[in-house]
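Engineer: After the sequence you'll find the predicted model.
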Amino acid sequence: MMEDQIFAQKISNLHLKTIGELNEILFEIQEKCCEEEFRAYRRIVGQLMYTFWEALDAIVKHPSIKPELFD
């Protein structure tokens, strides 16, 4: 667990922002690609999102910065 709560909150916010941006990319791609291309791209982006969630989980052990999504 990160001892510096302010730094951990900043990193947590950046992770959540990145996950949100990856999700936005998927919506953009879905509108412009065929279903097959979209599924392939979604698989890759899903792996990235999973990695970010795992990293975020390691950071947010401190209850005061734990995002509501983790409850």
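Structural biologist: On my side now, so go ahead.
Engineer: mind listing the helices for the protein?
Structural biologist: 5-32, 35-59 (DSSP state H).
Engineer: In CSV: those helices, plus mean neighbour count and mean pLDDT.
Structural biologist: C-beta here means a position set from N, CA and C on the backbone, and glycine is covered the same way. Formatted as CSV, the helices of the chain follow (neighbours: other CB atoms under 10 Å; pLDDT from 0 to 100):
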stretch, mean neighbour count, mean pLDDT
helix 5-32, 13, 90
helix 35-59, 13, 91
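Engineer: Determine which residue of the protein is most distant from the centre point.
Structural biologist: C34 (24.6 Å; CA atoms, centre = their mean).
Engineer: Check it and give its pLDDT.
Structural biologist: You'll see C34 listed with a pLDDT of 94.
Engineer: next one: E3
Structural biologist: 69.
Engineer: Look up how far L26 lies from I59.
Structural biologist: 24 Å (CB to CB, to the nearest Å).
Engineer: likewise D4?
Structural biologist: For D4, the distance to L26 - CB to CB - is 33 Å.
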